[in-house]
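**Q** Coordinates for the following, if possible.
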Amino acid sequence: MIAEFLLPDLGEGLPEAEIVQWHVAEGDQVTLNQTIAEVETAKAIVEIPSPYAGTVQGLHAAAGDVVAVGAPLVSFAVAGADDEPDAPAAAAEGRAVETVVEAPVEAPADDIAARATPNLVGYGAAPSSGGRPRRRARGVTATLDADAAVDTAVREAAPHDVLRTGPIDLPMERPRSTPPVRKLAKDLGVDLVLVAAAHPGEAVTRTHVEEYAARADSSLASTPTSTVPPASSPGARETRTPIRGVRKHTAAAMVRSAFTAPHATTFLTVDVTATTELLASLKHDRALDGHRIGVLAIVAKAVCLALGRTPALNARWDEAAGEIVEHHYVGLGIAAATERGLVVPVIPDADGLDLVDLADAIAELAATARAGRTSPAAMTGGTFSITNVGVFGVDAGTPILNPGEAGILAVGAVRRTPWEHHGEIALRDVLTLSLSFDHRLVDGAEAARFLTDVAGVLREPGRAMLLR
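**A** Presented below is the predicted three-dimensional model:
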């Protein structure tokens, strides 16, 4: 029978998603939970697993198309209800996906209990059979002459020792690899088909891709490369870009925040020389090898401590209920600038982490954000945010609150500045803290006390031992 898979709600009620790329084509055989597509929501790129085991009958959108939640995404040819062991999987967060075909015959209760339910936001059910994912080849193996048939773009992307003289057998089906390996290949500009040609019969691994890219770099060092034409024609007076994805979501959230919560901002410039000296000493501690502890990690720890003393900044205004909700945990958002726009992934229960764990969590979420793999779920649950504007050489600013949060702290650049120290003028490491807060929840005195507590830890890191 033919079953249509509708685009599920991928988190937080987002109404639509853009198709980034398909991992299957018409005629491909897929198994339950095999990745079939990557889509970009207003917050993140999400991999969509197949809710069926069967054959891809048709794709209802092309890469670059925006699909509404609930609209048909892909059709599958699956076995009938009488002989198909894999029932349609549920959509994101356990919600059933409707199809346009008649529902399968209800299975016995013990059979249903034995089946897991796939989660379309990152995890999937175990297939009922132990078979490996299959894909029907899109044609017979093609024989290409490397000197005549390989086009210029492929030649530029491939190492010359792989594009050898003579016939090459290139598999016409998509090479076997994992999503991280495909992402790495895309980032390095490597064609997985050519990598697979150098390792026939093997699944393409990260090592294969990295070795291939290294050979390509050395081989192409003296090879002229083509230039990418500009997005707009020569002499054009403007360029138009659709408002989509992260940019669209961020704009809507910032407008909503600016016109809902009465913002106020306060500033404090602090001598952080003791903090920078502490960080310099930690770099030489062998017990901390592999951990990158920076100023932002110290600030994050100071914020968690200060929020415990100023709970008004760790609260939210619930307009519908007419209540102020005070959180007894810290969901610490860290603003990250990416090629797709600004995202704010959250470190859950940050107040329970020590300095090393905070530093590791910040590094991990930053790397994930730069790779464009931050999930929608990773950007929920925030109670307070930090934005590090100092990495751009900025000293201060007036950051806009994330909706639902009472405060956001901007951390400026560390400057070597003439400063009063012990009654004399000396060169000291100085930075500026900028705290924006919701004036419905926080008054000026509370904001000042919070900022002073954070500054106190940066001025004298040992003071963290006194805060509770």
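
**Q** Tell me how many other residues crowd residue 202.
**A** Residues lying near residue 202 (other CB atoms under 10 Å) number 12. The C-beta positions use only the backbone N, C-alpha and C, and glycine is treated the same way.

**Q** Which per-residue confidence value corresponds to it?
**A** Looking at residue 202, its pLDDT reads 81.

**Q** Look up how far residue 319 lies from it.
**A** As judged by CB to CB, to the nearest Å, residue 202 and residue 319 stand 58 Å apart.

**Q** Repeat that for residue 298.
**A** Look at residue 298 and residue 319: by CB to CB, they are 35 Å apart.

**Q** Over to residue 353?
**A** For residue 353, the distance to residue 319 - CB to CB - is 32 Å.

**Q** more neighbours, those two?
**A** Neighbours per residue (other CB under 10 Å) separate residue 353 from residue 319, with residue 353 holding more: 20 against 9.

**Q** For the nearest residue to the more buried one once chain neighbours are set aside, which three-state class applies?
**A** Counting by CB to CB, 6 or more residues apart in numbering, residue 361 is the residue found nearest to residue 353 once chain neighbours are left out, at 6.6 Å. Reduced to three states with DSSP: H, G, I helix; E, B strand; the rest coil, the structure at residue 361 is helix.

**Q** these two touch, right, residue 361 and residue 347?
**A** Yes. Using CB atoms under 8 Å, residue 361 is in contact with residue 347, at 4.7 Å.

**Q** Tell me the helix or strand right after the helix or strand harbouring residue 304.
**A** Remark: residue 304 resides in helix 295-309, with elements defined by DSSP states H and E. Using DSSP H and E, the helix or strand that directly follows helix 295-309 along the chain is strand 315-318.

**Q** quick one: least confident helix or strand in this structure?
**A** When each helix and strand of the chain is scored by mean pLDDT, DSSP states H and E, helix 152-157 comes last, with a mean of 34.

**Q** OK, contacts around residue 266?
**A** 434-435, 437, 444, 447-448, 451 (CB atoms under 8 Å, 6 or more residues apart in numbering).

**Q** Show me which positions of stretch 72-81 end up buried.
**A** 72-76, 78 (16 or more other CB atoms under 10 Å).

**Q** meant to ask about stretch 329-344
**A** Neighbour counts over stretch 329-344 (16+ other CB under 10 Å) mark 330-337, 340-344 as buried.

**Q** go on, stretch 309-322?
**A** Applying a neighbour-count criterion of 16+ other CB under 10 Å, one finds 310, 312-317 buried in stretch 309-322.

**Q** ok, those vs residue 455, which is closest?
**A** residue 310 (13.1 Å; CB to CB).

**Q** Give me the pLDDT value at the most centrally placed residue in the chain.
**A** In the chain, the centroid-proximal residue (CA atoms, centre = their mean) is residue 374; its distance is 1.8 Å. pLDDT recorded at residue 374 is 84.

**Q** And the strands in the stretch 251-400 of the chain, which stretches?
**A** For the stretch 251-400 of the chain, the strands defined by DSSP state E, counting those that start in this stretch cover 263-271, 315-318, 323-326, 332-334, 336-338, 341-343, 346-347, 384-388.

**Q** Dump these into TSV; add distance to residue 242 and mean pLDDT as well.
**A** As requested, these are exported to TSV (distance: least, CB to CB, whole Å; pLDDT from 0 to 100):
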stretch	distance to residue 242	mean pLDDT
strand 263-271	29	95
strand 315-318	32	91
strand 323-326	37	92
strand 332-334	27	96
strand 336-338	18	85
strand 341-343	13	81
strand 346-347	28	96
strand 384-388	26	96
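
**Q** Quick one: residues contacting residue 455.
**A** Contacts of residue 455 by CB under 8 Å, 6+ apart are 268, 270, 433.

**Q** ok, and the closest non-adjacent residue to residue 258?
**A** Using CB to CB, 6+ apart, the nearest residue to residue 258 is residue 400, at 5.7 Å.

**Q** Provide a list of residues in contact with the one you found.
**A** Taking CB under 8 Å, 6+ apart, we find residue 400 in contact with 254, 257-258, 263, 408, 436.

**Q** if we go to 10 Å?
**A** 250, 253-258, 261, 263, 265, 387, 408, 436 (CB atoms under 10 Å, 6 or more residues apart in numbering).

**Q** Just the closest of these to residue 324, please.
**A** Nearest to residue 324 among the contacts of residue 400, with distances taken as CB to CB, is residue 261, at 12.8 Å.

**Q** And that closest one, how far from residue 407?
**A** Relative to residue 407, and taking CB to CB, residue 261 is found at 10 Å.

**Q** Neighbour count: these two, which is higher?
**A** residue 407 (28 against 23).

**Q** can you pull the buried residues of stretch 57-65?
**A** Going by neighbour count (16+ other CB under 10 Å), the buried part of stretch 57-65 is 59-61.
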